[in-house]
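> fold the following.
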Amino acid sequence: MKFGEYLKNRRTELGWTQPDAAAKASIEQSYLSKLETGKSFPSEDVYQRLVEAFDLDTETLVGVLYPAELDRLREIEDVRKHLLQRAHDTRTATHRWLYAGLGALVAGGALVGLAQIDRGGNAMHYTYQSPGVILTGESSSVFDDLDDNPALTARADEQTIFVPEMRGPSFTENVPEGRREWHLVGANAVLIPAKFGWALVPGLALIIGGLGCFFISWRRP
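Prediction:
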């Protein structure tokens, strides 16, 4: 909006004619006409008269006038003060958006990196079985003939374990009562979920949000 247009609209709101408004501001009607048509701009003294007579709010005025109009009014101290304050506020807000964007990018990148540490996938699991605990002094084949020895049948305690690494066709494990011999009986592929897979989605969301903050800071006037 032009300054003259703003001044004329304000006069109309107050219900004044040009002669009435000129008299209240202690200026010539011809000068007020030039102000309203944009042929002239007020000096410091005239502007203060207009502020008092028209009850003008400089902050509102600065917010609605075209930049070219504000440049013509920049020599007025009150206008210049509000322009400097608005520029400061704009820089402050821009910096906040930039800091927010940077923080979001850093946090998002950290989460995406965390999600890449353990991506999961297919892995082999090996199945081992042990028929029971072999007591000290007994041979490794003590459980081979369970059907012929009721005492061994009572002791039998078959267990199955799944391990992620191959330990050969068999391996021995010491237990409090003696030892167990584990024998490989099979292997199968197992899908291992990513340990930190949950971090990928919020990480990408933060990165997108950070870029959005940079865009907002760039588009701010």
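> show me where this protein has its helices.
Under the criterion DSSP state H, helices of the chain are mapped to 3-14, 18-25, 29-37, 44-54, 58-64, 67-72, 77-117, 150-155, 200-219.
> go through those helices and name the closest to residue 190.
Ranking the helices of the chain by proximity to residue 190 (CB to CB) places helix 77-117 first, at 19.5 Å. Where you see a C-beta, it was placed from the backbone N, CA and C, and this is true even at glycine.
> gap between that closest one and the chain center?
Put simply, helix 77-117 sits 12 Å off its chain's centre (CA atoms, centre = their mean, to the nearest Å).
> got it, and stretch 141-155?
The chain centre lies 66 Å from the centre of stretch 141-155; the measure is CA atoms, centre = their mean.
> when you give positions from now on, start the count at 54
Sure, I'll start numbering at 54, so the last one becomes stretch 194-208.
> buried stuff in it?
For stretch 194-208, the neighbour count (16 or more other CB atoms under 10 Å) marks 195-196, 199, 205, 208 as buried.
> now swap in stretch 210-221 and tell me
Taking 16+ other CB under 10 Å as the criterion, stretch 210-221 shows none as buried.
> between the two ends of that stretch, how far is it?
Using CA to CA, to the nearest Å, the end-to-end distance of stretch 210-221 comes to 22 Å.
> before we move on, back to that, in TSV: the helices of the chain, plus distance to residue 227 and mean pLDDT.
As requested, the helices of the chain are exported to TSV (distance: least, CB to CB, whole Å; pLDDT from 0 to 100):
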stretch	distance to residue 227	mean pLDDT
helix 56-67	93	94
helix 71-78	104	94
helix 82-90	102	94
helix 97-107	96	94
helix 111-117	83	92
helix 120-125	85	92
helix 130-170	35	91
helix 203-208	17	81
helix 253-272	43	91
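> need the ones you listed in CSV with distance to residue 219, can you?
Below are the helices of the chain laid out as CSV (distance: least, CB to CB, whole Å):
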stretch, distance to residue 219
helix 56-67, 84
helix 71-78, 97
helix 82-90, 93
helix 97-107, 89
helix 111-117, 75
helix 120-125, 75
helix 130-170, 25
helix 203-208, 29
helix 253-272, 31
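> what pLDDT does the residue of the chain positioned farthest from its centre get?
The centre of the chain is farthest from one residue, residue 201, which by CA atoms, centre = their mean lies 70.8 Å away. At residue 201, the model reports a pLDDT of 75.
> now residue 274
We have a pLDDT of 58 for residue 274.
> any buried residues in stretch 123-140, and which?
Of the residues in stretch 123-140, those buried (16+ other CB under 10 Å) are 123, 125-126, 129, 131-132, 135-136.
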